[in-house]
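Novice: structure for the following, please:
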Amino acid sequence: MQRRRPLLVLLCVLGACSLLGADWTAFRGPGGLGTSAEKDLPVKWSSDDNIVWKTRLPGPGTSSPVTRGNRIFLTCYTGYALQVAKPGNMDDLRRHVLCIARDSGKVLWTKEFEPVLPEHQYQGEGAYHGYASSTPITDGERLYVFFGKSGVYCFDLDGKQLWNVQLGKGLSGWGSAASPVLYKDLLLVNASVESGALVALNKKMGKEVWRTPGINSAWNTPVLVPLPSGEVELVISIESRLLGLNPDTGKELWRANGIHRYVCPSVVAHDGIVYAIGGGHTSLAVRAGGRGDVTKTHELWRQGKGSNVSSPIYHEGHLYWASDSGGVVYCQEAATGKIVYQQQLNPPSGLIYASPVLADGKIYYVSQHKGTYVVAAKPEFALLAHNVLKDDSSRTNASLAVSNGQLLLRSDQYLYCIGKQ
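Specialist: I've put the predicted structure just below:
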């Protein structure tokens, strides 16, 4: 029984899923895996159909909404970088945290922040992320928001700021995008851009507990991986390596040959096996739980297919993901790495940067400008719906949130609540 206790702790910590029911408390939901157990979700919608409500946002962002009870939390930015051609004056940049009523879409409170400047320039590839890309996370009592070099902010759920801690002063031309993770009393933050480190803060006070250096070229959110033994590892994909860490201390447990490029997609895991994609041309599987360099002993397979931006999904022995630029969706055998299908979406999707979400036997792929594609979650490709909001031409880079039988979709202009009517 003692050996299983860490796993039980983890199940309570990962988004507090057992306590919060249908809440979606973090990036990609419980465990950061992009899957939901909810049923009877909408398949089709339009500007006039199955939209429960929509709320105008103060500005753009690529972060996803998170929920706790009757509250939705979301980040945005204003004042600068609203147009690539004419970004304006960086001194006018402001960041925002919003609390929105889950049942009505009414804005309950907002917070506005002056950022620590200078930030990265909004031009070229620097326009990909913007300045509100990290998804907040809540433990049901507090809300945690990461704003890059401006640091981590902690609020109570009524919007009172409890603390703010900076994790580094570094910048990247691609911006900052990783989202925080909760584990026990720790808030874990990938500060690869800001300080080349993975940092653990005490979630109540903001005090630094541990810091692991050498986290290079990683824009992804780390994932807590439960092992069959009952132990828990923290896994992150960085340039050239996949790392397994002790989440209590930050000490490296193992490393394996990884993605030989900067890494945006987060890993997923199932039954102690970690699946990573990246670079647009690599996918691999590594068994967690090793020690030292486990490339030769724990790598199960490696294939020349992958995605450069969006993260994968594991479901019933298969991996699913979308290529970022080609509009091609993939299904891959998790046991062997064999590609089951690679299918061009039709009509063409254009860019897909949002990570997919799986629920109710369906995979939701959100494109930047061509709407949401709903695909059957099975190893035979079947497009179930293509949903376009024709009165909103703004960009959509955020992943969906699944909550109480409905979907929450944010664009640069609106937050939509989508549900059967």
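Novice: which residues sit in contact with the residue lying closest to Thr78 once chain neighbours are set aside?
Specialist: Nearest residue to Thr78, sequence neighbours excluded (Cβ to Cβ, 6 or more residues apart in numbering): Gly59, at 3.7 Å. Every C-beta, even on glycine, is put in place using the N, C-alpha and C of the backbone. Gly59 sits next to Cys76, Tyr77, Thr78, Gly79, Leu82, His96, Ala132, Asp412 when contact means Cβ atoms under 8 Å, 6 or more residues apart in numbering.
Novice: does the nearest residue to Pro60 once chain neighbours are set aside sit in a helix, a strand or a coil?
Specialist: Leaving aside its chain neighbours, Pro60 sits nearest to Asp412 (3.5 Å; criterion: Cβ to Cβ, 6+ apart). The local conformation at Asp412, judged by DSSP: H, G, I helix; E, B strand; the rest coil, is coil.
Novice: let's have the chain start at 56 instead
Specialist: Will do, 56 is the new start, and the previous item becomes Asp467.
Novice: pretty sure Lys204 sits in a helix.
Specialist: Yes. Counting by three-state DSSP, Lys204 falls inside a helix.
Novice: state the pLDDT value of it.
Specialist: Listed pLDDT for Lys204 reads 96.
Novice: on that earlier part again, before we move on, which element is the residue nearest to Thr133 in?
Specialist: Gly114 is part of no helix or strand when elements are defined by DSSP states H and E.
Novice: try Val248
Specialist: Assigning secondary structure by DSSP H and E places Val248 in helix 247-250.
Novice: show me the contact partners of that helix.
Specialist: Residues outside helix 247-250 that contact it (Cβ under 8 Å, 6+ apart) are 203-204, 221-227, 230-231, 233, 253, 266, 270-274, 293.
Novice: check which element follows it along the chain.
Specialist: Note on helix 247-250: by DSSP H and E, the next helix or strand toward the C-terminus is strand 252-257.
Novice: direction included, what does that following strand pair up with?
Specialist: Next to strand 252-257 in the sheet, as set by DSSP bridges, lie strand 241-246 (antiparallel), strand 263-268 (antiparallel).
Novice: deepest-packed of these, please.
Specialist: Comparing the strands paired with strand 252-257 by mean neighbour count (mean count of other Cβ atoms under 10 Å), strand 241-246 comes out on top with a mean of 25.
Novice: please save the CA atoms from that strand in PDB.
Specialist: What follows is strand 241-246, C-alpha atoms only, in PDB (Å, rounded to 0.1, in the frame of the first residue of the first chain):
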ATOM      1  CA  LEU A 241       4.900  23.200  -5.600                       C
ATOM      2  CA  LEU A 242       4.300  25.200  -8.600                       C
ATOM      3  CA  LEU A 243       6.500  24.000 -11.400                       C
ATOM      4  CA  VAL A 244       7.500  26.400 -14.200                       C
ATOM      5  CA  ASN A 245       9.500  25.900 -17.400                       C
ATOM      6  CA  ALA A 246      11.600  29.100 -17.500                       C
END
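Novice: ok now that strand, how far from the chain's centre?
Specialist: 14 Å (Cα atoms, centre = their mean, to the nearest Å).
Novice: could you do stretch 442-461 as well?
Specialist: Chain-centre distance of stretch 442-461: 15 Å, with Cα atoms, centre = their mean.
Novice: tell me the buried residues in that stretch?
Specialist: 442, 444, 447, 450-459, 461 (16 or more other Cβ atoms under 10 Å).
Novice: just stretch 249-263 next, same as before
Specialist: Within stretch 249-263, the residues that qualify as buried are Glu249, Ser250, Gly251, Ala252, Leu253, Val254, Ala255, Leu256, Lys258, Gly261, counting by 16+ other Cβ under 10 Å.
Novice: and for stretch 315-332?
Specialist: Applying a neighbour-count criterion of 16+ other Cβ under 10 Å, the buried positions in stretch 315-332 are 316-325, 328-332.
Novice: what's the most distant pair in those?
Specialist: Across the buried residues of stretch 315-332, the longest distance by Cβ to Cβ is 25.3 Å; it joins Tyr317 and His325.
Novice: elements contacting the helix or strand containing His151?
Specialist: His151 belongs to strand 149-156 when elements are defined using DSSP H and E. Judged by 3 or more Cβ pairs under 8 Å, 6 or more residues apart in numbering; DSSP states H and E, strand 149-156 is in contact with strand 126-133, strand 162-168.
Novice: which one of those lies nearest to Leu279?
Specialist: For Leu279, the closest of the helices and strands packed on strand 149-156 is strand 126-133, at 21.0 Å, according to Cβ to Cβ.
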